[in-house]
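Trainee: Sequence isn't available, so here's the structure alone:
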């Protein structure tokens, strides 16, 4: 993948939001050149002096910034969600807001640069370093004025808080990293505490955001759980975890944290299983990390076995996002890390999520799924892979 790969389709327009996502999932339409190509496709009427600024009295244009903004609005914006309405908000509204708030613009450029690094492995280091600089600058301003959030800037805060999640997963993986789920204290730079903190602050200005230019990115997930429950085997897996957590020796506070995290996980599985078409799968998949109690996060970062086992089961849901370039491989990466942390005895408890994810990884890796540049075929039913994998008897898993 030494050069930008083109999509099999001539444009991004489609009646299917899933088709939109996969065409933008790391590929470029034939009718739209990549930012790298278009930045050198100058009109003959424009002289080099104009672009360099010499002799015109104008400052030199930052061509790489323009290239990356163009890439974001023509390619990357289609890879952040599975909803057409969200595509348009990222393509048009977010840049409009960013022109008034440089920290959001820097966040947009950072994501676009990471996407280019993924598309252009020959320039991966260059774009990755560019992304780091832009993201650091964005977060510096973001933190400095977080306490001054009001109606005039809440749209920009909301936009960047969404992009922070993408950046947290799109950035290169450290071998010992749990990604968003790392946490090392109140002043930590890790993404999960930042997102959880921002989410709390955003609630204070939620009425303004609902009336703002990015309100379409909000998802009012239905409060009443659907009547359709989980498959019997998935219910059994979660029930076994509840029994495991009842017998831990970490104290009642830890037991309460584990049980709450499991209750939230059960709810998220049910919502995903019954997801209506208008619901965003990305937003729904990230409900759990925001909803789990802080005590659970602390236990997770203490590498308590029960906390890690629960996280491994959440990875089944996270793996459903593996078709997005910025999520590719994260579920398996976290599972691998958890396996190294757990004892041989405790690894038994994660054999089910490991099997579910590994089976799909084997299908994905053998070439039968298709060209990774356009993404795998859409899995309209969340349970397709899970149900197939669940049929492995637990005793057979235990013996393997």
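Mentor: Perfect, thanks for sending it. Because the structure is predicted, anything quoted here is derived from the model rather than measured.

Trainee: use CA for all of it now, contacts and neighbours both
Mentor: Will do.

Trainee: List the buried residues for stretch 297-316?
Mentor: Of all the residues in stretch 297-316, those buried under the rule 16 or more other C-alpha atoms under 10 Å are 297-301, 304-316.

Trainee: Also stretch 209-220?
Mentor: For stretch 209-220, a neighbour-count test (16+ other C-alpha under 10 Å) marks 209, 212, 213, 214, 215, 217 as buried.

Trainee: for the stretch 251-400 of the chain, what spans make up the helices?
Mentor: Using DSSP state H, counting those that start in this stretch, the helices of the stretch 251-400 of the chain run over residues 252-273, 281-285, 287-291, 294-301, 305-319, 330-341, 344-347, 351-365, 383-390, 394-399.

Trainee: And the third one, what does it pack against?
Mentor: If I follow you right, that is helix 287-291. The helices and strands touching helix 287-291, judged by 3 or more C-alpha pairs under 8 Å, 6 or more residues apart in numbering; DSSP states H and E, are helix 191-204, helix 252-273.

Trainee: What residues of that helix count as buried?
Mentor: 288, 289.

Trainee: ok, now stretch 244-257?
Mentor: Buried, per 16+ other C-alpha under 10 Å, within stretch 244-257: 245, 254, 255, 256, 257.

Trainee: Now for the third one: which residues touch it?
Mentor: Right, residue 255. 245, 246, 248 (C-alpha atoms under 8 Å, 6 or more residues apart in numbering).

Trainee: The last one now?
Mentor: Shown here is residue 257, whose contacts under the criterion C-alpha under 8 Å, 6+ apart are 293, 295, 296.

Trainee: so where's the stretch 201-350 of the chain shaky on pLDDT?
Mentor: Counting by pLDDT under 70, the stretch 201-350 of the chain shows low-confidence ranges at 219-228, 276-278.

Trainee: picking that back up, out of the helices of the stretch 251-400 of the chain, deepest packed?
Mentor: Mean neighbour count (mean count of other C-alpha atoms under 10 Å) peaks for helix 305-319 among these, with a mean of 23.

Trainee: angle of that one against helix 330-341?
Mentor: Put simply, helix 305-319 runs at 160 degrees to helix 330-341, going by axes from the mean of the first three to the mean of the last three C-alpha atoms, to 10 degrees.

Trainee: what packs against helix 305-319?
Mentor: If contacts are counted by 3+ C-alpha pairs under 8 Å, 6+ apart, helix 305-319 sits against helix 232-246, helix 252-273, helix 294-301, helix 330-341, helix 351-365.

Trainee: Take these and write them to JSON lines, including distance to residue 89.
Mentor: Listed next are these as JSON lines, based on distance: least, C-alpha to C-alpha, whole Å:
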{"stretch": "helix 232-246", "distance to residue 89": "36"}
{"stretch": "helix 252-273", "distance to residue 89": "23"}
{"stretch": "helix 294-301", "distance to residue 89": "32"}
{"stretch": "helix 330-341", "distance to residue 89": "26"}
{"stretch": "helix 351-365", "distance to residue 89": "31"}
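
Trainee: Out of those helices, flag the one nearest residue 135.
Mentor: Minimum separation from residue 135 across the helices and strands packed on helix 305-319 (C-alpha to C-alpha) falls at helix 330-341, 20.6 Å.

Trainee: picking up where we left off before, ok, so of the contacts of residue 257, who is nearest residue 129?
Mentor: Nearest to residue 129 among the contacts of residue 257, with distances taken as C-alpha to C-alpha, is residue 296, at 33.5 Å.

Trainee: Could you give the separation between the terminal residues of stretch 90-102?
Mentor: One end of stretch 90-102 to the other measures 16 Å (C-alpha to C-alpha, to the nearest Å).

Trainee: which other residues reach it?
Mentor: By C-alpha under 8 Å, 6+ apart, stretch 90-102 touches 72-74, 77-78, 104-105, 108, 138, 153, 155-156, 159, 213-214.

Trainee: next one: stretch 128-139
Mentor: So stretch 128-139 is in contact with 102-104, 106-107, 109-114, 117, 171, going by C-alpha under 8 Å, 6+ apart.

Trainee: Please report how far residue 275 lies from residue 321.
Mentor: 14 Å.

Trainee: same deal with residue 121?
Mentor: Distance of residue 121 to residue 321, computed by C-alpha to C-alpha: 22 Å.

Trainee: Please say which of those two ends up with more neighbours.
Mentor: residue 321 (20 against 15; other C-alpha atoms under 10 Å).

Trainee: Which residue, neighbours along the chain excluded, lies closest to that one?
Mentor: Using C-alpha to C-alpha, 6 or more residues apart in numbering and skipping the chain neighbours, the partner closest in space to residue 321 is residue 327 (6.2 Å).

Trainee: Distance check, the one you found against residue 118.
Mentor: Distance from residue 327 to residue 118, by C-alpha to C-alpha: 12 Å.

Trainee: now residue 71
Mentor: Note on residue 71: its distance to residue 118, by C-alpha to C-alpha, is 13 Å.

Trainee: what do you get for residue 299?
Mentor: Residue 299 is 33 Å from residue 118, by C-alpha to C-alpha.

Trainee: for residue 67, same thing?
Mentor: For residue 67, the distance to residue 118 - C-alpha to C-alpha - is 16 Å.

Trainee: now, which of the contacts of residue 255 sits nearest residue 145?
Mentor: Residue 145 lies nearest to residue 245 out of these, by C-alpha to C-alpha, at 40.8 Å.

Trainee: The closest one reaches residue 261, doesn't it?
Mentor: No - assessed by C-alpha atoms under 8 Å, residue 245 is found out of contact with residue 261, at 10.6 Å.

Trainee: Mind putting the buried residues of stretch 209-220 into a markdown table with secondary structure?
Mentor: A markdown table is the format used below for those (DSSP: H, G, I helix; E, B strand; the rest coil):
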| residue | secondary structure |
| --- | --- |
| 209 | helix |
| 212 | coil |
| 213 | coil |
| 214 | coil |
| 215 | helix |
| 217 | helix |
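
Trainee: out of the contacts of residue 255, which one sits closest to residue 167?
Mentor: Among those, and counting by C-alpha to C-alpha, the member closest to residue 167 is residue 245, at 32.8 Å.

Trainee: surely residue 77 meets residue 87?
Mentor: Yes - counting by C-alpha under 8 Å, residue 87 is a contact partner of residue 77 at 5.7 Å.

Trainee: Farthest pair within the contacts of stretch 128-139?
Mentor: Most distant of those, by C-alpha to C-alpha, are 102 and 117, 22.2 Å apart.

Trainee: Done for today, thanks.
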